[in-house]
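S.K.: sequence? don't have it. structure:
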């Protein structure tokens, strides 16, 4: 519809620019084609070849969050259907729409209709499919069997064990591992350059460390740091916006626990926890990284990490935090005595 008389189309252009500036960077810099995928070259090459040969099977993409599962299949769909993407591909988040009614109505309605396409079939993308109910999964199995001639299904999940065997057996499975440090770093540098960010090298490394191989998490951290920064994004700011303890501070804390008597070590740990506003989970996670770098025997390191992991398990079971805090100090005291022997 043409603009009304007297109205300036500049308002529409400005509105589009504002919406782009407010867009989440995770979506703004999501790969638009398979060539832009940052990692998993072997998996991308295999899917591309299957697509080229018109032998694409039903897919099950699984692995940790933020590893590119959704990006790969969306990039593939855009390459296949181009401007017909919305007519030929159905994308659902199964964690929101996971009941049997959605499968019987929305998915079946889409899969059963014939649509003209040069590629020959439609694509149904079910993100977070491990959240689907068992009844919905069994209903989906029957739909896959019935409409496989016209439709391909791609299931995306973190935990394939929650997908019923009947569905797994009908899909070709690909496991996507956590992204490599360099893959995350290259993407952070690309986004920083595109957004004209002032970020230090230590800041980039901090984003990569805290991101832990999760591209979505890393980009969200970078955007949060940008919004919180007044000028330059550095290591201190990255750890501040994520609420994680600085490695140097945790190193000093661990050194104190290894040298101070038990009572004084407890006081120091409690003070640092309160002053920096840390959770015990954050402290345990940082201590694991610290212990991994200590020059001690493999036996002591393994035993120390085992005890820290047990503390982490106890915290997930809602055990008393005070008890776990004392346990942390006690295992440091034990490690100190073993090192001194």
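M.R.: Great, that's in hand. If you're wondering where the values come from, they're calculated on a predicted model, not measured in any experiment. Numbering: from 1, shown residues only.
S.K.: okay, CA-based contacts and neighbour counts for the rest of this
M.R.: OK.
S.K.: pLDDT weak spots in the protein?
M.R.: Of all residues in the chain, those with pLDDT under 70 make up the ranges 1-21, 94-99, 114-119, 338-341.
S.K.: where do the strands sit along it?
M.R.: 59-62, 89-93, 122-127, 151-157, 172-175 (DSSP state E).
S.K.: contacts for stretch 124-142?
M.R.: Stretch 124-142 has contacts (CA atoms under 8 Å, 6 or more residues apart in numbering) with 70, 73, 89-95, 97-101, 103-104, 107, 111, 151-160, 162-164, 166-167.
S.K.: may I see the PyMOL selection of the buried members of the residues you listed?
M.R.: Selecting just the buried residues from the contacts of stretch 124-142 in PyMOL takes one command, with 16 or more other CA atoms under 10 Å as the test:
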select buried, resi 70+73+89+90+92+94+97+98+99+100+103+107+111+151+152+153+154+155+156+157+158+160+163+167
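S.K.: now the residue positioned nearest the centre of the chain: how far from residue 216?
M.R.: The centroid of the chain falls nearest to residue 66 when counting by CA atoms, centre = their mean (2.6 Å). From residue 66 over to residue 216 the distance is 5 Å, taken as CA to CA, to the nearest Å.
S.K.: try residue 305
M.R.: Taking CA to CA, one finds residue 305 at 28 Å from residue 216.
S.K.: check residue 300 too.
M.R.: The gap separating residue 300 from residue 216 is 35 Å, by CA to CA.
S.K.: what of residue 75?
M.R.: Note on residue 75: its distance to residue 216, by CA to CA, is 16 Å.
S.K.: domain parsing for this structure?
M.R.: The domain map for the chain lists 39-175, 247-340, with the assignment taken from automatic domain parsing.
S.K.: got a markdown table for those, with distance to residue 186 too?
M.R.: Compiled in a markdown table, the domains of the chain are given as follows (distance: least, CA to CA, whole Å):
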| stretch | distance to residue 186 |
| --- | --- |
| domain 39-175 | 11 |
| domain 247-340 | 23 |
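S.K.: I'd like the strands of the chain as TSV, with distance to residue 330 appended.
M.R.: What follows is those, written out as TSV (distance: least, CA to CA, whole Å):
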stretch	distance to residue 330
strand 59-62	39
strand 89-93	46
strand 122-127	44
strand 151-157	40
strand 172-175	40
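S.K.: between the ones you listed, which gets nearest to residue 40?
M.R.: strand 172-175 (9.6 Å; CA to CA).
S.K.: out of residue 300 and residue 216, which sits in the busier spot?
M.R.: Each of residue 300 and residue 216 had its neighbours counted (other CA atoms under 10 Å), and the higher figure belongs to residue 216 (18 against 14).
S.K.: measure that one to residue 187 for me?
M.R.: When CA to CA is the yardstick, residue 216 and residue 187 sit 11 Å from each other.
S.K.: next: residue 109.
M.R.: For residue 109, the distance to residue 187 equals 39 Å [CA to CA].
S.K.: measure the spatially closest residue to residue 214 that is not a sequence neighbour to residue 240 for me?
M.R.: In space, residue 214 comes closest to residue 66 once its chain neighbours are excluded; the distance is 4.4 Å by CA to CA, 6 or more residues apart in numbering. Counting by CA to CA, the gap from residue 66 to residue 240 is 22 Å.
S.K.: check residue 294 too.
M.R.: From residue 294 to residue 240 the distance is 25 Å (CA to CA).
S.K.: who's more crowded, the two?
M.R.: With neighbours defined as other CA under 10 Å, residue 294 and residue 240 compare such that residue 240 has more, 14 against 9.
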